[in-house]
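1. Need a 3D model of the sequence below.
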Amino acid sequence: MNTEHHDVRQHILDTGKSIITGKGFAAVGLNEILTTAGVPKGSFYHYFKSKELFGEALLENYMAGYLAEMDVLLGQPGLTGAERLMAYWRSWTGPQEQACSDCRCLVVKLSSEVADMSEAMRLALLNGTNQIIAKLGACIAQAQADGSLREVGAAPQMALALYQLWLGAAMLTKLRREPSALHGALQATLAMLHLPAATPG
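-> I've put the predicted structure just below:
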């Protein structure tokens with residue numbers, strides 16, 4: 001893939017992601033994406049044969065970037081496994097405008113919508129979330145090995161339980177439009193991992 005081809009394709013994906021994250025997949029037409037991106041329809045179909053294939057590519061591209069960022073966060077040097085894990089969960093909290101952003105909001109936003117609409121998009125989301133859970137499980141196993149997490153059971157099952165907890169909290173955050181569910185998820189996570197409770201701040 002040459003540089004110009006990659007740049008145009010990536011520009012379309014980035015533009016589509018920013019619009020679809022706010023509106024959902026079905027509510028966004030190709031014309032809106034292409035007008036915003038400044039790309040003619042013919043160029044779009046050069047890169048993507050259909051809106052569904054565009055959606056699949058968008059999810060795969062986003063998940064790849066998110067997983068790379070996750071590797072950086074969970075691989076911070078000088079921290080225990082438990083500290084790296086909690087740094088990841090704390091990245092889900094913050095100012096209201098950031099509390100349900102990026103992958104978790106995209107997953108919450110699109111999962112129920114595309115699961116019945118497109119098998120390819122459903123599988124792209126499922127594959128991405130499975131990889132997230134696997135990375136969390138590996139971090140928990142590292143924390144068990146370095147002694148920073150004790151008595152938390154099998155790492156894969158704990159990773160799945162925690163991810164489900166936080167996705168549910170992200171969904172409630174969207175409904176409530178305030179971050180109390182995420183703060184509750186943080187306290188629940190600390191309790192599940194037998195770590196000291198967070199100090200209110």
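2. what about Glu52, which helix or strand?
-> Per DSSP states H and E, Glu52 falls inside helix 51-74.
3. between the longest helix that the chain contains and helix 51-74, how many degrees?
-> Assignment by DSSP state H gives helix 119-146 as the longest helix of the chain. Angle between the axes of helix 119-146 and helix 51-74 is 10 degrees (criterion: axes from the mean of the first three to the mean of the last three CA atoms, to 10 degrees).
4. helix or strand right after helix 119-146?
-> Following helix 119-146 toward the C-terminus (DSSP H and E): helix 155-176.
5. what helices or strands is that following helix leaning on?
-> helix 102-115, helix 119-146, helix 180-192 (3 or more CB pairs under 8 Å, 6 or more residues apart in numbering; DSSP states H and E). For the C-beta atoms, the positions are set from N, CA and C on the backbone; glycine is no exception.
6. Looking at those, which is nearest to Gly38?
-> helix 102-115 (23.3 Å; CB to CB).
7. what bits of this structure have low per-residue confidence?
-> 1-6, 94-105, 199-201 (pLDDT under 70).
8. and it, what are its domains?
-> For the chain, automatic domain parsing gives the domain ranges 1-48, 51-192.
9. Looking at those domains, which one is packed in the most?
-> domain 51-192 (a mean of 17; mean count of other CB atoms under 10 Å).
10. Show the end-to-end separation of that one, please.
-> Domain 51-192 has an end-to-end distance of 42 Å (CA to CA, to the nearest Å).
11. Excluding sequence neighbours, find me the nearest residue to Lys135.
-> Met70 (5.7 Å; CB to CB, 6 or more residues apart in numbering).
12. what residue of this protein is the furthest out?
-> Within the chain, the residue lying farthest from the chain centre (CA atoms, centre = their mean) is Gly42, at 30.8 Å.
13. so how far is Arg122 from Gly75?
-> Separation of Gly75 from Arg122 (CB to CB, to the nearest Å): 29 Å.
14. could you redo the domains of the chain as TSV and give each row distance to Ala198?
-> TSV is the format used below for the domains of the chain (distance: least, CB to CB, whole Å):
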stretch	distance to Ala198
domain 1-48	28
domain 51-192	6
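15. Dump the C-alpha coordinates for stretch 55-70 into PDB.
-> What follows is stretch 55-70, C-alpha atoms only, in PDB (Å, rounded to 0.1, in the frame of the first residue of the first chain):
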ATOM      1  CA  GLY A  55     -17.600  -0.300   9.100                       C
ATOM      2  CA  GLU A  56     -15.700  -3.500   9.400                       C
ATOM      3  CA  ALA A  57     -12.400  -1.700   8.400                       C
ATOM      4  CA  LEU A  58     -13.200   1.200  10.800                       C
ATOM      5  CA  LEU A  59     -13.700  -1.200  13.800                       C
ATOM      6  CA  GLU A  60     -10.500  -3.200  12.900                       C
ATOM      7  CA  ASN A  61      -8.500   0.000  12.500                       C
ATOM      8  CA  TYR A  62      -9.800   1.500  15.700                       C
ATOM      9  CA  MET A  63      -9.200  -1.700  17.800                       C
ATOM     10  CA  ALA A  64      -5.700  -2.000  16.400                       C
ATOM     11  CA  GLY A  65      -4.800   1.500  17.600                       C
ATOM     12  CA  TYR A  66      -6.500   1.000  20.900                       C
ATOM     13  CA  LEU A  67      -4.700  -2.300  21.600                       C
ATOM     14  CA  ALA A  68      -1.400  -0.600  20.800                       C
ATOM     15  CA  GLU A  69      -2.200   2.200  23.300                       C
ATOM     16  CA  MET A  70      -3.200  -0.500  25.800                       C
END
